[in-house]
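Asker: here's a sequence, model it:
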Amino acid sequence: MQQAPLCSHSPATLMLRVRQFSKLSARLRSAHPKHIRAQAERSQSSAAALATHEQPTAVPTFVPRGPGVTDGKWDQQDEAAVDNALRDADKVVKKRSSAQPGNVLLGQSIAELGQLAQDTGQSAYRGKQLYDGLLHGVRQIDQFNQVPKKWRDELQGRHISTGRSKLHHSVTAADGTRKFLLQLQDGLIVEAVGIPADDFGKSRLTACVSSQVGCPMRCSFCATGKGGFARNLKAHEIMDQVMTVQEEFGSRVSNVVFMGMGEPLLNLPSVLRAHTMLNECLGIGQRHMTISTVGVPNAIMKLASHKLQSTLAISIHSPNQQLREQLVPSAKVYPLEALMMDCQEYFQVTGRRVTFEYTVLSGVNDSPMLAEQLANLLKRFDLRTHVNLIPWNPVDESSFKRPDKAHVKAFAAVLEEHRVPVSIRVSRGMEAAAACGQLRNQHQRSPLQDFAALT
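Answerer: Presented below is the predicted three-dimensional model:
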C-alpha cells in the first residue's frame, strides 16, 4: 500500500484560515441577524444552565497551562497555543522531508532501518531483524538478542532508542476496560485505553489513543482541557500506545480511535503517519480506525485530500453557535456553519459518512428542543451522517452532571423521529477514571523525574 502523503501546509497558512473564519463568523452574524437572534433566544435556557457549571479560574490544573490561558472565551493566548501546536506539527514535515530518520527505531521502515545498519557497518538485513523485533515486543536495545551484542552496544552509544514508552500506571474496570499511563522519553505522561468487547460472538479490542500531551482546545467539560498543552506526540509515540494495549491484553487490537488526549487535527502530520504505520505494520484496516476532531480550520479538507477509508468523527456537542462557543471555546474562530460546510465537502470528496459525537450534559444540552435543532442542522447539509450520543463521564473539579438514561433516550428518540441515524455509546470503564485525561491528571502535576532512558 502506498503511503499517504503528509500535510505540507505551513502553520502560517492554517492560522490565516483561523483569522478568515473569525471574519466569516462576523459576516454570518451580520448577514442573518434575525436567524442569529432567534437562535440565541432558543439557546438562552441552555446557556443559563451552562453558566452554573463554569469553573473558577483559581482551580489549579495538574498540567500547567501557558501564561495567560484561562477558562472563558477564546482569546489571543489560546490562538498562540494553537499556533504552537501547528508549528510543532510543521517540524515533523520538515524532518521527514530531510531524509534523516533520527535516533528512534520504532516507526522507521525496513529500508530506513537497513540503511542505519549499513551506516554502522552491518549488513542491510540487520534492519529487518530490528523491524521484526520491535513488532514482537522488544522495548530496549539490549533485548535484540538476534543481533550482535557489539552492535547493540554501539547503537546505545549513539543514543539510539527503540522509542517504546514506560508503563507507569494502569487501572482496570469491572467490564475489562483498562487505562494505561505511559511515560515518554521526556518524562511526560499520556493515556491510552484498551476496550474489549464481544459483538455477536466476535471478540473486538479497541485502542483509544492520544495525539498530544495535553490539549490547547479547552473544551469546558473535558478532563484534558482542564490542563494545558505540552507538545504534539510523534507518530511512533502514537503507535506505541496501540502496541502497549496489544501487549497488555495479549490480544490483537482490531480497532483504533484517535479520541484520547489532544486534538488530532492540530497534529495532522504525525496522525497521518501513525495511521499509515498502524495499517501497514500492525495490519489494522483503515475502516477500523476513527479520527475525531472538535474542528480546526482548513484541517478537515487537508484530511479529505488523503481520501482515507477511516471514519471522521466531529465532536459537535451543540446544534447552535452560542451554546457551542461556551462548551467548545475554539468555535469562536470556527463557526458551526463553516464546520458543517467543511463536513459536507469532506463527504463529497471522500464519499465517507461523517459521525457526529454529542457529549450529553445534564441540564445543558440534553433538551428535546436541542435534539430538534440538531436534526434540522444535519438535514440542511448534503452528507450522510450518524450521531453518537455520549453520556458525560464525571470529571474531577467539574460541576457538570451526568444525564440520566431517560433524558438520553428521549434525545435519541427525537433524532429518530427525524430519521437521523443515532446510537447511544455504552459507557465503559466508569471505575477507571473514564474521562480522557482524568487518570493522567490524578498522577502528574509536572513531568516525572524518575524516567530511566529506555535504550
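
Asker: when you work out contacts or count neighbours from here on, use the C-alpha atoms and nothing else.
Answerer: Noted.

Asker: how about the nearest residue to Cys219 once chain neighbours are set aside, what does it touch?
Answerer: In space, and not counting its chain neighbours, Cys219 is closest to Val328: 4.7 Å by C-alpha to C-alpha, 6 or more residues apart in numbering. Residues counted as contacts of Val328 (C-alpha atoms under 8 Å, 6 or more residues apart in numbering) are Met217, Arg218, Cys219, Ser220, Val294.

Asker: one more time with 7 Å, if that's ok
Answerer: Contacts for Val328 (C-alpha atoms under 7 Å, 6 or more residues apart in numbering) come out as Arg218, Cys219, Ser220.

Asker: shouldn't Leu374 be within a helix?
Answerer: Yes: counting by DSSP: H, G, I helix; E, B strand; the rest coil, Leu374 is found in a helix.

Asker: just checking, it touches Gln321?
Answerer: No: judged on C-alpha atoms under 7 Å, Leu374 makes no contact with Gln321 at a distance of 11.5 Å.

Asker: hey, where'd the strands end up in the stretch 201-350 of the chain?
Answerer: Taking DSSP state E, counting those that start in this stretch as the criterion, the stretch 201-350 of the chain carries its strands at 202-209, 212-214, 229-232, 255-258, 289-293, 311-315.

Asker: packing partners of the first one?
Answerer: Judged by 3 or more C-alpha pairs under 7 Å, 6 or more residues apart in numbering; DSSP states H and E, strand 202-209 is in contact with strand 189-199, helix 235-249, strand 255-258.

Asker: now the ones you listed in JSON lines, with mean neighbour count?
Answerer: What follows is these, written out as JSON lines (neighbours: other C-alpha atoms under 10 Å):
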{"stretch": "strand 189-199", "mean neighbour count": "22"}
{"stretch": "helix 235-249", "mean neighbour count": "22"}
{"stretch": "strand 255-258", "mean neighbour count": "22"}
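
Asker: OK, contacts around Gln241?
Answerer: Counted by C-alpha under 7 Å, 6+ apart, Gln241 has contacts Ala192, Val209.

Asker: pLDDT score assigned to it?
Answerer: pLDDT for Gln241: 98.

Asker: likewise for Ser330?
Answerer: 89.

Asker: quick one: low-confidence residue ranges for the chain.
Answerer: Filtered on pLDDT under 70, the chain yields the residue ranges 1-69, 93-101, 395-398, 427-455.

Asker: recalculate using a threshold of 80.
Answerer: Applying pLDDT under 80 to the chain picks out residues 1-78, 80, 84, 92-102, 199-201, 220-221, 223-227, 394-400, 426-455.

Asker: just checking, Asp366 touches Val360?
Answerer: Yes: contact criterion C-alpha under 7 Å: Asp366 and Val360 qualify, at 5.8 Å.

Asker: now render the helices and strands packed on strand 202-209 as TSV, adding distance to Asn393.
Answerer: Converted to TSV, the helices and strands packed on strand 202-209 look like this (distance: least, C-alpha to C-alpha, whole Å):
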stretch	distance to Asn393
strand 189-199	15
helix 235-249	22
strand 255-258	18
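
Asker: and these: which comes nearest Tyr125?
Answerer: Of all the helices and strands packed on strand 202-209, helix 235-249 sits nearest to Tyr125, with 21.8 Å by C-alpha to C-alpha.

Asker: related to what we said a few turns ago, mind checking which of the helices and strands packed on strand 202-209 is nearest Trp74?
Answerer: strand 255-258 (24.1 Å).

Asker: please name every helix or strand in contact with that closest one.
Answerer: strand 202-209, strand 289-293.

Asker: winner for burial among these?
Answerer: strand 289-293 (a mean of 22; mean count of other C-alpha atoms under 10 Å).

Asker: and it with strand 311-315, angle?
Answerer: 30 degrees (axes from the mean of the first three to the mean of the last three C-alpha atoms, to 10 degrees).

Asker: got the angle between strand 289-293 and strand 202-209?
Answerer: Interaxial angle of strand 289-293 relative to strand 202-209 (the same axes, to 10 degrees): 40 degrees.

Asker: what does strand 289-293 rub up against?
Answerer: Here strand 289-293 has contacts from 255-259, 263-265, 310-315, using C-alpha under 7 Å, 6+ apart.

Asker: for ChimeraX, write the select line for the buried members of the residues you listed.
Answerer: Buried members of the contacts of strand 289-293, defined by 16 or more other C-alpha atoms under 10 Å, are picked up in ChimeraX with:
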select :255,256,257,258,259,263,264,265,310,311,312,313,314,315
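
Asker: export the contacts of strand 289-293 to CSV and append columns for distance to Gly102.
Answerer: What follows is the contacts of strand 289-293, written out as CSV (distance: C-alpha to C-alpha, whole Å):
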residue, distance to Gly102
Asn255, 29
Val256, 26
Val257, 27
Phe258, 25
Met259, 28
Glu263, 25
Pro264, 23
Leu265, 24
Ser310, 29
Thr311, 31
Leu312, 31
Ala313, 32
Ile314, 34
Ser315, 35
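
Asker: quick one: which of the contacts of strand 289-293 is nearest to Gly114?
Answerer: Val256 (28.8 Å).

Asker: list the contacts of the closest one.
Answerer: With C-alpha under 7 Å, 6+ apart, Val256 has these contacts: Thr206, Ala207, Cys208, His288, Met289, Thr290.

Asker: for the first one, name its beta-bridge partners.
Answerer: Here Thr206 sits in beta bridges with Ile195, Asn255, as judged by DSSP bridges.

Asker: isn't it right up against Gly194?
Answerer: Yes: if you go by C-alpha under 7 Å, Thr206 and Gly194 touch, sitting 5.8 Å apart.

Asker: my read is that Met261 contacts Thr224, right?
Answerer: Yes: judged on C-alpha under 7 Å, Met261 makes contact with Thr224 at a distance of 6.1 Å.

Asker: which of the two has more residues huddled nearby?
Answerer: Neighbour totals were compared for Met261 and Thr224, and Thr224 leads with 30 against 26 (other C-alpha atoms under 10 Å).

Asker: ok, so what distance separates the more buried one from Pro216?
Answerer: 9 Å (C-alpha to C-alpha, to the nearest Å).

Asker: could you do Gln344 as well?
Answerer: 26 Å.

Asker: neighbour count for the two, which is higher?
Answerer: Neighbour count, other C-alpha under 10 Å: between Gln344 and Pro216, Pro216 has more, with 31 against 20.

Asker: my guess is the more buried one contacts Glu79. True?
Answerer: No: counting by C-alpha under 7 Å, Pro216 stays clear of Glu79, with 8.8 Å between them.
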